Structure formats: structure tokens, C-alpha cells
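# no sequence for this one, just the structure:
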């Protein structure tokens, strides 16, 4: 299990439990996110505070989940990015695609 999910106000907080998000784990990550979306959660906050590295396949899984969420009338926000991962989001312009917050509480307030 890659995600640990818990209710947070009107949202679902999905904390990534691994340190490195890579090609090997991307499909499982995507499947877990899609299942949370299909469980009718309308606002999912993905917490990356424990993650120190992600690769393009892991980011692709996140983008794919966002597309699925949007088709279901749901949304995904991202929190807890370290400096390097935040720079990667900016480099590939995912900061224009995802709402990014420092903390889950900020994401909840921005919902």
C-alpha cells in the first residue's frame, strides 16, 4: 500500500507512504488514487511530505489520476513537496496543472 487515506474535513488526505516514487511503484500509486476517486471522494489532498524523490512515471500516474478525477467531478491537490520535487513540478509545468499547497490545512482552506 502506497497511500494511507484519512478524512480531513470535506476532503480525503492521501499520504504517500514511500520515500521514492518511481517507475516500479507508479502503477500501484495510480491504481490506489483511482480507487479513492471511484469511491466518490470529491477532493483528494495528496501529501508528499515523506517523499524525497519522484520520477516522470510517478508524475505521469498523478496526472492520469487528475484526468480521471476531473471526469468524475473531483479534484486533486498536492501538499508537502520538498524543494527538489517542487522544482520538478515547476520544470514540467505541473504547478500550472495542480493546486500546490505547503500543508494539508492550507489545501483544505483553499478548497
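Received it, and whenever you're ready, just let me know what you need. The structure displayed is predicted, hence computed values, not measured ones. Residues are numbered from 1 along each chain as shown.

# could you pull out the helices for the protein?
In order along the chain, the chain carries the following helices (DSSP state H): 23-38, 56-71, 83-91, 104-110.

# other SSEs contacting the second one?
Read it as helix 56-71. helix 23-38, strand 75-79 (3 or more CB pairs under 8 Å, 6 or more residues apart in numbering; DSSP states H and E). Just so you know, the C-beta spots here come from the backbone N, C-alpha and C atoms, and that holds for glycine as well.

# tell me the predicted confidence for residue 53.
Residue 53 is assigned a predicted lDDT (pLDDT) of 98.

# and if you look at the one 3 residues further on?
Residue 56 carries a pLDDT value of 96.

# what about residue 107, neighbour count?
26 (other CB atoms under 10 Å).

# identify the residues contacting it.
Applying CB atoms under 8 Å, 6 or more residues apart in numbering to residue 107 gives the contacts 11, 45, 77, 79, 99, 101.

# sorry, back to before: please identify which of the helices and strands packed on helix 56-71 is closest to residue 53.
helix 23-38 (11.2 Å; CB to CB).

# and the closest one, what other elements does it pack with?
Against helix 23-38 (3+ CB pairs under 8 Å, 6+ apart) you get strand 3-8, strand 11-16, strand 43-47, helix 56-71.

# can we see that at 6 Å?
Counting contacts by 3 or more CB pairs under 6 Å, 6 or more residues apart in numbering; DSSP states H and E, helix 23-38 packs against helix 56-71.

# what's the burial count for residue 14?
24.

# just residue 96 next, same as before
9.

# try residue 25
18.

# what does the one 10 residues further on give?
Number of residues near residue 35 (other CB under 10 Å) recorded here: 13.
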